[in-house]
Each structure stands twice: as structure tokens, then as C-alpha cells.
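Trainee: When you get a sec, could you give me coordinates for this:
(chains A and B)
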Amino acid sequence: MKSRKRKTGIGKRIGVKYCGGCNPTYDRSQVVRQLKACFLNRFYFPLRSQKNLDGLVFINGCPSSCALEEGGPKGPVSFSISGENELPLLIRWLTTLEEKENN
Amino acid sequence: MKPILTKKDYIQSLKELRHTVYYNGKRVEDVTEHPALRPHINAAALTYELALRPEHEALMSVVSHLSGKKINRFTHIHQSVDDLIKKIQMLRLIAHETGSCFQRCVGFDALNAVYMTAYDIDRKYRTDYFEKFKKYLLHVQESNVMVVGGMTDPKGDRSLSPSKQADPDLFTRVVQRRSDGIVIRGAKAHMTGGINSHEILLMPTQAMKEEEKDYALSCALPLNAPGVILIFGRQTNEERKCEEGFDAGNTQFGLVGGEALIVFEDVFVPWENVFLCGEYDMSGLLVERFATLHRQNYGGCKGGVSDILVGASALAAEYQGTAGASHIKDKLAEMMHLAETIYSGSVACSAMGYRTPSGAYYPDPLLANTTKHNVTRHIYEIARLAHDISGGIVATMPFYGDMESRDVGRYVKKYLAGAQGVSVESRMKILRLIENMSGGTALVESMHGAGSPQAQKVMYGRLGNLEQKKRWAKRLVQID
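Mentor: Sure thing, here's the model as predicted:
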């Protein structure tokens, strides 16, 4: 049952890491809500601090990209955005992740 | 003590504190229920609430170098340049939420200053202040209490030193040394967040001489200790906080921090909470470190507050139909220029920070003083531009009560109409916000908080390296 779930992409855990939000140029929480709505029941979006992540998304408020960990992202595959206009790119990346899993 | 995590925990902890607070001559039984005090409590509460939100955790929380546990950044000792920068970013973030001072940084800076200096005192005098202070710090981190940074003494006749004052209590001092602790007497003035904090960390108000040993004092005590009395300071327009409606401008979070005169009437402090007592030659170092750490902040918090004033001014222009005028755009650009200038100063002094022997990191003092000095000027100019943009209506507008009045409300709504599609209520709210953020107490706090302009000028003389600058000039034109 578990392997069938993974094959179709249901239950994929994509960690969310925010920057601190000192001076964001857009509403970062709103973008994450849009993401969750887009992938409803297909992906889970726990916080970065949780374990067993299949992917990681960095939600930066501006080009300074403070959410990116030092030395570059480690661990699971990751994608970083620093503006609302990058949401379609992020959605495309997650969709690709899902398609790879299904094939 | 159960750790304080949420706003609810914080409010409850203040209810249980039962400290002795006076407002306009009357004792306040519950500070959380007083309409003039509640906005300041709401502002401080955000320092707890924002730490619980994932989208702000990176700035608001950090791992303690003492315990390895996650703590609120306001209880942290800076361990890196990154910590110094994150402090500034955090302050700007919170200012965006409150539009006002949120008070907790003073205690944050006191914790860092005393940490660094207790280490140095021990190295010189083989005292045990550093270990005692680390125990105290662990208590602060684990309980997440709010600490007042207690530096400024009332000072009496400024032309006389502490030991020469007609009334020796005008500077806080030790009046008795016992086997189990000390007894202190005096007061601390301009204590930001005093009435809604749990404890106070006292520091000497200036460098002390040998005859002023009793004034060379740093210690921590709870604000409900017997003999501690807090007298809240009057502010511009504070009666408005007790009214219905929006004439207070920032009705949720008030103006400035809410400062108190805190009196110590023979208050006992156990030795375990004493971190400097008589080592007068080290008092100046502690003062300078606290001052630098606190001046570091102003581009962060006042930068963030200025962001709100810029936004409000832009809205005021939109609401009255002047937003398209080139001089309005120019003035808004200048406001942003000044806000980013002060912010960049805070970032700069943090980026150029360095490690002290204690292991704690410390911002560049010359740049920190420059930042604060810029704030003493630029905030006034930002306020002036806000007034310029929003117009004379800021100073002449009818009451909220007039807008709501059955008799004259219709006139207010008719004659205060601005751009189409904008309600008069929205226009009045924004104008009241500008009025309250840009006058009186708010401006004075920007001038004198963390030290007056003259104090910064003294530091240019000390740190400005004038002799080296003269040598460079001579070298350039080949003067021997």
C-alpha cells in the first residue's frame, strides 16, 4: 500500500523553509497557501524541521535569499524562490517531481 | 516558572506579577486591564507571538549557546556577525507589525553587555560574576521573561558627580552590604517597557571614580521585589488611548515603548544576582558596551517604523488625490532614502562586528554611534515630510466622535471626502496614524533613546582616529 502511494506521488513530503521575513516584497504565507491548494492531497508541506522529506522549498522574501542554508542546500532536492513571480516555476518543478515519481 | 511562550502566557504572567505600578497618581492593580498601558503590552506580546510563527522563526528564534535549546532571540547572546545582523532584521520585522517601539531590545542589549563585561571583570579581579551571570541568563532563556535594561539614573545636578550630589540617591547605589546580598537605593529613569516586564538588569549610568564605588553596580532583580515602585511616564495624546475610536492613531500598539521611573526603596538583591559591585574602573566599559549595542538597533526598529510612516504618507496622498504629483513622489522617495540610510547603518555596524574575549559578538562602536546619530536627524526629517505630504488636515481634523455624531457626522463625512472610492473613515484613520507617529513623544524618543546626539559626538572624538586622518592628509601633500 505504501509503495503504491509513493508511486503515484500521494504523500510526498516537501519541507517548507521561510526566511525570517524582515522586509518581504510579497506575502510569503499566501504563496505557501496557494501551493498547498495547488497540490491538495498530492503533496504534504510540513515545516523544514521535520524529518523524512522528499524535497525542500525555500521561501525567501527578497533576493537576499536568507532562507537558503549556508553552503547551499543539503539533503533532499530543493527549489528556492525570492519573489511571487517565481511561483509558477516552483509549481512546474514540483509537477516534474511528481511526474518522475509516476514514471 | 513555566516558560512564557504565547501572548496569553505573557498577559497571564503580568497579571500574576502584582508589581507596584502607578499611573497618574493612582495604583494600577492589573496593568493588562488599563487602557493606557495595554497597547504597550500588545506590542511587547508580539515579541513572543512572532517567535511561534514559522514564517518568522528564522529571525525570532535561535539555539542557545548555553543549553543547546531553541530560545527567543531576545534572550540570546550574539555568537556571530550573522547574529548581529539577524538582530537588526528582527527589529525591522517587528516594527512592521507594531508601528511602535516593542521595548524588549533594551533588556536584550543589557544581557549582552553584562555578559561581555562580567567576563572581563573576572579576568581582572578574579571575581565570579561571569558564572553567576550565566546562571541568571539560563533562567531568562528558559523562562523567556522580559527584562528591562536599567541604565539611566535621574542624575540630579548634571554639573556634579554622583558623590557630590545634594541627595546621594539621585544615582542608584549600594547602601548596605550583607553576607547574603546587597541593599540598593535610588531610581532608574526612562525605563522602556518597565511596567510590562518581569525583571530588571541594572547597570551603572556612567563611568565611576574610586569615591563612587557604591554607584558601580550591576545586578538583576524581579520587578515585584519589595521596595520597587514603577511610575509610568506621561506621553503626548495618551488620553486618546482611553477613548473609543481611532484618534489614538495606532490604537493596538500605542506610541513609543511606554517608559517608567523605577524607584528602589532599599531593595534587597542576593549576591547570586550581583554582577558588578564596586569595581568602579570597569563601569565605563559596561556603559559603553550597552550604549553601542543599543545604538546598533535604531536603524532596524526606526527603519521599520519609518516604513509604516512612508506607507501611511503614500496612502494619505492617494486618499486625497495628490499621489500623482511629482513633488509627492519626490518626497516619498526622500523618506525611503532616509529610512534605508538609517537601516544600512545598523546593518553596517553589525557586519563590522567582532568577537569579544567572552566569546560574545559586539557591533562596531563608531558605526553604531553614527547610525544612532543619523536617526536623531533623519526621523525628524521623515516626520516633516510626512506632514508636508499629508497636509494641514493632520493638525485640524475633527474628532472620531464628530464623525460618529448624529448632529455633525454627515458634515464630517461630506467635507473630509477625498479621492473617489475612499471612505472618510479610512482617510481619517491614516491621518491619525501619521499625526501620532510623527509628533511629540515619538520624535523625542528618536532623539534621546540610547543616548543623546552629544553622546554620539563624544564617541567620534574617541573613536574617530583623528590623528591618523591628519597623518594621511600630511602624507598626501608631503608634509613631514
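Trainee: and the closest residue to B:L138 other than its chain neighbours, what is it in contact with?
Mentor: Here the nearest residue to B:L138 in space, its sequence neighbours aside, is B:L66; by CB to CB, 6 or more residues apart in numbering or on different chains that works out to 5.6 Å. The way it works is simple: take the backbone N, C-alpha and C, and place the C-beta from them, glycine included. For B:L66, the contacting residues are B:77, B:134, B:137-138, B:141, taking CB atoms under 8 Å, 6 or more residues apart in numbering or on different chains as the criterion.
Trainee: now do 10 Å
Mentor: Residues near B:L66 by CB atoms under 10 Å, 6 or more residues apart in numbering or on different chains: B:76-77, B:134-135, B:137-138, B:141-142.
Trainee: And B:L59, by the same measure?
Mentor: Contact partners of B:L59, counting by CB under 10 Å, 6+ apart, are A:18-22, A:66, B:50-51, B:73, B:86-94.
Trainee: hmm, 8 Å instead?
Mentor: Taking CB under 8 Å, 6+ apart, one finds A:20-22, B:73, B:86, B:89-90, B:93 in contact with B:L59.
Trainee: tell me how far the helix or strand harbouring B:I389 is from the chain's mean position?
Mentor: When secondary structure is defined by DSSP states H and E, B:I389 falls within helix B:365-390. Relative to the mean C-alpha coordinate of its chain, helix B:365-390 is positioned 16 Å out (CA atoms, centre = their mean, to the nearest Å).
Trainee: Tell me the buried residues in it?
Mentor: Going by neighbour count (16 or more other CB atoms under 10 Å in any protein chain shown), the buried part of helix B:365-390 is B:365-376, B:378-379, B:382-383, B:385-387, B:389-390.
Trainee: for the helix or strand just after it, packing partners?
Mentor: Later in the chain than helix B:365-390, the nearest helix or strand by DSSP H and E is helix B:393-396. Here helix B:393-396 is seen to pack against helix B:424-437 when contacts are counted using 3 or more CB pairs under 8 Å, 6 or more residues apart in numbering or on different chains; DSSP states H and E.
Trainee: for the helix it packs on, packing partners?
Mentor: Contacts defined by 3+ CB pairs under 8 Å, 6+ apart place helix B:424-437 against helix B:283-320, helix B:365-390, helix B:393-396, helix B:400-404.
Trainee: residues making contact with whatever helix or strand comes next after it?
Mentor: Where DSSP H and E defines the elements, the next helix or strand beyond helix B:424-437 is helix B:440-448. Outside helix B:440-448, the residues that touch it by CB under 8 Å, 6+ apart are B:101, B:190, B:235-237, B:255-257, B:298, B:302, B:375-376, B:379-380, B:383, B:436, B:453.
Trainee: Mean pLDDT and distance to B:A36 added to the helices and strands packed on helix B:424-437, as TSV?
Mentor: Written out in TSV, the entries for the helices and strands packed on helix B:424-437 read as follows (pLDDT from 0 to 100; distance: least, CB to CB, whole Å):
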stretch	mean pLDDT	distance to B:A36
helix B:283-320	97	20
helix B:365-390	96	23
helix B:393-396	95	23
helix B:400-404	97	17
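Trainee: Ok, which of those helices comes nearest B:Y115?
Mentor: Nearest to B:Y115 among the helices and strands packed on helix B:424-437 is helix B:283-320; the distance by CB to CB comes to 9.4 Å.
Trainee: helix, strand or coil for residue 68?
Mentor: I went with chain A, as the question did not name one. Assigned with DSSP: H, G, I helix; E, B strand; the rest coil, A:L68 falls in the coil class.
Trainee: I was thinking of chain B, sorry if that wasn't clear
Mentor: In terms of secondary structure, B:G68 is coil; the call rests on three-state DSSP.
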